[in-house]
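Participant: predicted model and sequence follow; I will ask about them next.
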Amino acid sequence: MALLPLVIAPDPFLKEVSTSVESVTDELRALMDDMFETMIASDGIGLAAIQVGTPKRILVTNVFESEGEDPIPLRMVNPEIIWSSNDEAVTEEGCLSLPDQLADVARPAQVRVRYVDENGELRELDAERMTATCVQHEMDHLEGILFVDHLSRIKREMIIRKLVKQQKVRASARV
């Protein structure tokens, strides 16, 4: 397994729509393992393949719902939401591709997701609370949508300006 470099906003690559996966192969499983390792090493709870430079409809999550519970690792290929609740939940979200930026985002409180797992099996997941938020957040990435796209224009622009400034500071520190 290997740690993969993260694509950081405002890189326009993150706005690309990811393509469907034809079949689950050993190469794809290795990518999911590397994504999972990268996510954990980066203190994340979710990661989409586009965030590591692969525009495929793949995501991984590792969410725990309550303190003291073990996280539930998920590897999803070609996920699609087939049902969502009318109730919304507002959750503070962050993103590995937008480091150190947080904002409240409203999303459906519950979703049912159909996906193919790492073994090529078709599955459905009824998700709520943090799992529902995380899966929706990562699925947005597959459509070229960042969590800041759910915010007002002013809030979104403030966050993007902070990210650009952070990148300039990091670049000047490397010189």
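Facilitator: Now that the structure is in, tell me what you want to look at. Numbers count the residues shown, from 1 in each chain.

Participant: so residue 37 is in which element?
Facilitator: In this assignment (DSSP states H and E), residue 37 forms part of helix 26-41.

Participant: using neighbour counts, pick out the buried residues of that helix.
Facilitator: Within helix 26-41, the residues that count as buried by 16 or more other Cβ atoms under 10 Å are 28, 31, 32, 34, 35, 36, 37, 38, 39, 40. Every residue, glycine included, has its C-beta placed from N, CA and C.

Participant: got the residue ranges for the helices in the protein?
Facilitator: 26-41, 129-142, 153-174 (DSSP state H).

Participant: to residue 57, which of those lies closest?
Facilitator: helix 129-142 (5.1 Å; Cβ to Cβ).

Participant: at the geometric centre of this protein, which residue do we find?
Facilitator: For the chain, the residue nearest the mean C-alpha position is residue 138 (2.9 Å; Cα atoms, centre = their mean).

Participant: just the residues contacting the longest strand seen in the chain, thanks.
Facilitator: The strand spanning the most residues in the chain, taking DSSP state E as the definition, is strand 72-84. Here strand 72-84 makes contact (Cβ atoms under 8 Å, 6 or more residues apart in numbering) with 20-21, 24, 28, 32, 36, 57-65, 108, 110-118, 124-125, 131, 135-136, 138-139, 142.

Participant: buried ones from these, can you make that a ChimeraX selection?
Facilitator: Typed into ChimeraX, the line below selects the buried ones among these, using 16+ other Cβ under 10 Å:
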select :24,28,32,36,57,58,59,60,61,62,63,108,110,111,113,115,116,118,125,131,135,136,138,139,142
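
Participant: among the contacts of strand 72-84, which lie within strands?
Facilitator: 58-63, 108, 110-116, 124-125.

Participant: with adjacent residues omitted, what lies nearest to residue 13?
Facilitator: Once flanking residues are discounted, residue 13 sits nearest to residue 7: 5.5 Å by Cβ to Cβ, 6 or more residues apart in numbering.

Participant: from residue 52, how far out is that neighbour?
Facilitator: 7 Å (Cβ to Cβ, to the nearest Å).

Participant: max pairwise distance over the ones in strands among the contacts of strand 72-84: which two?
Facilitator: 58 and 110 (23.0 Å).

Participant: give me the below-cutoff pLDDT ranges for this structure.
Facilitator: For the chain, the stretches with pLDDT under 70 are 175.

Participant: and with 80 instead?
Facilitator: The model of the chain has pLDDT under 80 over residues 1, 65-67, 174-175.

Participant: so which of the buried residues of helix 26-41 is the closest to residue 101?
Facilitator: Of those, the one sitting nearest to residue 101 (Cβ to Cβ) turns out to be residue 39, at 17.2 Å.

Participant: mind listing what that closest one touches?
Facilitator: Contacts of residue 39 (Cβ under 8 Å, 6+ apart): 45, 46, 47, 60, 62, 96.
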